[in-house]
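Q: Just need the structure, nothing else, for what follows:
(one chain, ligands or ions: 1)
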Amino acid sequence: MDLKDRHVVVTGAAGGIGSALARRFHAAGARLVLADQRSPESVAAELPGAVALAVDLSTEAGNIELIDTAESHFGTVDLFFANAGVAIGTDPMDDEEVWDLSFAINTHAHRWAARRLLPAWLDRGEGYFCSTASAAGLLAQIGSAPYSLTKHAAVAFAEWMSITYGARGLKVSCLCPQGVNTAMLNSDSPIGTGGDVVRSVGEVLEPSDVAEVVHQAINDERFLILPHPEVGDYLKFKGSDPQKWITGMQRLQRRTLGY
Ligand SMILES: NC(=O)c1ccc[n+]([C@@H]2O[C@H](COP(=O)([O-])OP(=O)(O)OC[C@H]3O[C@@H](n4cnc5c(N)ncnc54)[C@H](O)[C@@H]3O)[C@@H](O)[C@H]2O)c1
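A: Sure, this is the predicted structure:
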């Protein structure tokens, strides 16, 4: 999809990957609505014509409010980019709140947005749904069960959407990066404390590099977006020898987390 004059919504746009996507899409000529629970106002202020909305997307009501607001500005959404996410929690003993919030923003938010967007998209035979999952959604996140599970679910939902609605005009892409230099990676979140894990398995990219790869993939309407190409190799290895892959991951965990 050529983004010139297209109506694009980006979530998690107050910083990190989301703000870099917003800048790249704006440069391509998109009309933008930026959403985040932290106000994305300062990012929107850099991008003439962009609309900012501070909204909690961990509820269905928040997703409906976002899409209603976007439509009131620019009409039917052409591309919805579900990028907001959290990296919290460690293991099955985490409180229910940690699991609920992880699923709400990393997975259900995608479904809630799709539920609101699909009728119009299927009616007109065109629409583009893009989500940010993670390499953890194809492989595993050492140190965080909630992150691993919810990102796998995000990949599965994107795949299902593409399989089910592709013939009816829906385009779907799923972004699965490894390390990216953002607040999430540099914090003490599970992928932050696992930052050493992430750094030991590949390059940490800048958000603007990721945005460049994403823009190209959207132009090409490619499903799987891998800014770190080695993730494709790890995936092939996992598929070809799952037992050896698990053994290797156990070794990586011991080396990086010490247990
Ligand atoms: N940084 C990495 O190494 C990395 C790797 C793979 C995938 N990801 C994914 O990339 C996406 C963007 O993360 P990032 O690295 O830019 O980190 P980030 O923390 O800078 O961005 C995440 C954004 O999501 C927003 N957000 C969180 N919960 C929200 C909610 N309930 N409602 C609205 N907004 C909410 C945050 O306010 C934040 O601005 C996430 O989905 C993350 O899981 C990041």
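
Q: Dump the helix or strand in which residue 67 is found to CSV, restricted to CA.
A: Using DSSP states H and E, the element containing residue 67 is helix 60-74. Written as CSV, here are the backbone C-alpha positions of helix 60-74 (Å, rounded to 0.1, in the frame of the first residue of the first chain):
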residue,chain,number,x,y,z
GLU,A,60,-12.4,-2.4,24.2
ALA,A,61,-13.9,1.0,25.0
GLY,A,62,-10.5,2.6,24.5
ASN,A,63,-10.1,1.0,21.1
ILE,A,64,-13.6,2.1,20.0
GLU,A,65,-12.9,5.6,21.2
LEU,A,66,-9.7,5.7,19.2
ILE,A,67,-11.3,4.5,16.0
ASP,A,68,-14.4,6.8,16.4
THR,A,69,-12.0,9.8,16.9
ALA,A,70,-9.9,8.8,13.9
GLU,A,71,-12.9,8.4,11.7
SER,A,72,-14.3,11.8,12.8
HIS,A,73,-11.1,13.4,11.5
PHE,A,74,-10.2,11.5,8.4
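
Q: So which elements touch it?
A: Applying 3 or more CB pairs under 8 Å, 6 or more residues apart in numbering; DSSP states H and E, we find helix 60-74 packed against strand 7-11, strand 31-36, strand 51-54, helix 109-124. The way it works is simple: take the backbone N, C-alpha and C, and place the C-beta from them, glycine included.

Q: the inter-axis angle of the next helix or strand after the last one versus helix 109-124?
A: Read in the C-terminal direction, the helix or strand following helix 109-124 is strand 127-132, with elements assigned using DSSP H and E. Here strand 127-132 runs at 160 degrees with respect to helix 109-124, directions being taken by axes from the mean of the first three to the mean of the last three CA atoms, to 10 degrees.

Q: Against which helices or strands is strand 127-132 packed?
A: Packed next to strand 127-132, using 3+ CB pairs under 8 Å, 6+ apart, are strand 79-82, helix 109-124, helix 145-165, strand 170-175, helix 207-220.

Q: Just say which of those is most tucked in.
A: Of the helices and strands packed on strand 127-132, the one with the most neighbours on average (mean count of other CB atoms under 10 Å) is strand 79-82, at a mean of 27.

Q: quick check, it touching the ligand?
A: No - with CB under 6 Å from any ligand atom as the criterion, the ligand is not reached by strand 79-82; the gap is at least 8.3 Å.

Q: got the contact list for that strand?
A: With contact meaning CB atoms under 8 Å, 6 or more residues apart in numbering, strand 79-82 is reached by 1, 3, 6-11, 18, 21, 25, 30, 67, 109-110, 113, 117, 127-132, 218.

Q: Alpha carbons only: can I get whichever helix or strand residue 197 is part of in PDB?
A: Counting by DSSP H and E, the element that carries residue 197 is helix 195-201. Provided in PDB are the C-alpha atoms of helix 195-201 (Å, rounded to 0.1, in the frame of the first residue of the first chain):
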ATOM      1  CA  GLY A 195      18.400  -7.000  27.400                       C
ATOM      2  CA  ASP A 196      21.700  -8.900  27.800                       C
ATOM      3  CA  VAL A 197      19.900 -11.900  26.300                       C
ATOM      4  CA  VAL A 198      18.700  -9.700  23.400                       C
ATOM      5  CA  ARG A 199      22.100  -8.200  22.900                       C
ATOM      6  CA  SER A 200      23.800 -11.600  23.000                       C
ATOM      7  CA  VAL A 201      21.700 -12.900  20.100                       C
END
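
Q: mean confidence score for it?
A: Across helix 195-201, the average pLDDT comes to 74.

Q: which stretch among the helices and strands packed on helix 60-74 comes nearest the ligand?
A: strand 31-36 (4.5 Å; CB to the nearest ligand atom).

Q: Show me what the closest one packs onto, helices and strands only.
A: By 3+ CB pairs under 8 Å, 6+ apart, strand 31-36 packs against strand 7-11, helix 16-27, helix 41-46, strand 51-54, helix 60-74.
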